[in-house]
Each structure stands twice: as C-alpha cells, then as structure tokens.
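when you get a sec, could you give me coordinates for this:
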Amino acid sequence: MPFDPPPATIGRIRTLPFYDEYYLLELTNLASVPAYNKYAILKSGDINIIDWTVEPIYSVNEKAPLTLNPSNVVAYLQFFSEYVFTADGQRFIINHPDELPWAPGISDAQRAKVIDLIKPAELTGVYEDGSFRVEATDLALYDLYNCVIFVTPSGMVDWIVVDKLAENLEIQRRDLLV
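Numbering: from 1, shown residues only. Okay, the predicted model is just below:
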C-alpha cells in the first residue's frame, strides 16, 4: 500500500553506527485505519525502502560503505534481525528477558523460567579476513534459540540455529507487532 501525501508523518529518524551517511527513517501513514509504518534506509539522494528481505540492506552495504568492527557488529545484527524476514521467519536477538513481548498477565514464575536461558549477544570471534562470529539468544515466533551468527566484512549474514532453549512461551508474536 503506497503512502499518500500528508497526513503521513515521520515517526523517527535513527542513526546507524555502521553507516557514515545513511539513516533509518520511519514513516507513519495516518490516513489509514489503523495507521501503519514504512521504513527506509536513506541519505540525501538515495532512498532504500525496507521490504523485509535482505536486498535493501545488502544494496546499501554495497553503496554506503559499510563499516563493521567489534564495537558495532552486534548492533548491525540487531538492525538486520529487526528488518529482515528469512525463510525461517523473523528472528530477533534477545539480550534480556524484559525484551520479550510478554503476553498480558504473565506471572513472575513464568518469566523466571527463561531468565537463565537468555545470554546477551557476544562477539566470540574476529577472523583475519575481517569476518565476525557472534553468539546470541534469539526469538522466532514463540520459541527461544541459541544461535551462532557469522558476518562478512561486506555485511552478509549467515544465521545458524544451534539449539532450541524454550518453546511455546507466553508471548505476543513480535513479528506481528512490527
């Protein structure tokens, strides 16, 4: 659904620490009911609409240039997971139990079941070719997973699920909240 002229409004503009000149822009179409958002990675003269595939991100990576380093590679993966749906669905890096979209009325006992399972994303390898290895806990649908993610210097991502940590959590599907 395309955006009509106003009353669309800019919801937020976010800097991205791995691009020097590109920003993330959120547009909200207030003319529709319910209102909905579209996202773009942009710089002056270049707009890349997020379509929930890897293509807009990889396209910007070719033009940007992309600057990945040990201090921003996890932020890149969090950005990537937020705006890409894969063949396995959308995967969200979870660093703390409070980041889970808990269902209303969830008990402390139910939350406690996953507290020790969630480990913050951690850079565990930097290779001679400039690639990175990150270990993380991620959420897909209603389940938590332990995963290893490899990122090339050009930003290509290889997301490998190692094992399932918990299933059928009492949460709202985060991919439907986007």
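
pass me the low-pLDDT residue ranges in the chain, would you?
Scanning the chain for pLDDT under 70 picks out 1-10, 32-33, 35, 88, 174-178.

in it, which spans are helices?
Ranges of helices in the chain, per DSSP state H, are 55-63, 73-83, 108-115, 174-177.

for Ile41, which of those helices is the nearest?
helix 55-63 (5.0 Å; Cβ to Cβ). All C-beta atoms are positioned from the backbone trio N, CA, C, and that covers glycine.

does Thr86 touch Ile160 like I think?
No. Counting by Cβ atoms under 8 Å, Thr86 stays clear of Ile160, with 11.8 Å between them.

more neighbours, these two?
With neighbours defined as other Cβ atoms under 10 Å, Thr86 and Ile160 compare such that Thr86 has more, 14 against 10.

for that one, which non-adjacent residue is closest in space?
Trp159 (7.0 Å; Cβ to Cβ, 6 or more residues apart in numbering).

next: Ile50.
With Cβ to Cβ, 6+ apart as the criterion, Ile50 has its nearest non-adjacent residue at 4.0 Å, and that residue is Tyr39.

who does the one you found form a beta bridge with?
Going by DSSP bridges, Tyr39 is paired in beta bridges with Glu26.

which residues does it contact?
Counting by Cβ atoms under 8 Å, 6 or more residues apart in numbering, Tyr39 makes contact with 24-27, 49-50, 83.

need the helices of the chain in CSV (columns: mean neighbour count and distance to Phe92).
CSV is the format used below for the helices of the chain (neighbours: other Cβ atoms under 10 Å; distance: least, Cβ to Cβ, whole Å):
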stretch, mean neighbour count, distance to Phe92
helix 55-63, 17, 16
helix 73-83, 20, 5
helix 108-115, 12, 14
helix 174-177, 13, 6
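
identify whichever of the ones you listed lies nearest to Asn146.
Closest among the helices of the chain, once you apply Cβ to Cβ, is helix 108-115, at 12.3 Å.

show me what the closest one is packed up against.
Other elements packing on helix 108-115 under the criterion 3 or more Cβ pairs under 8 Å, 6 or more residues apart in numbering; DSSP states H and E are strand 157-166.

which strands and helices lie in contact with the strand it packs on?
Checking 3+ Cβ pairs under 8 Å, 6+ apart, strand 157-166 ends up next to helix 108-115, strand 132-140, strand 143-151.

go through the ones you listed and name the closest to Asn168.
Among the helices and strands packed on strand 157-166, strand 143-151 sits nearest to Asn168 (Cβ to Cβ), with 7.2 Å.
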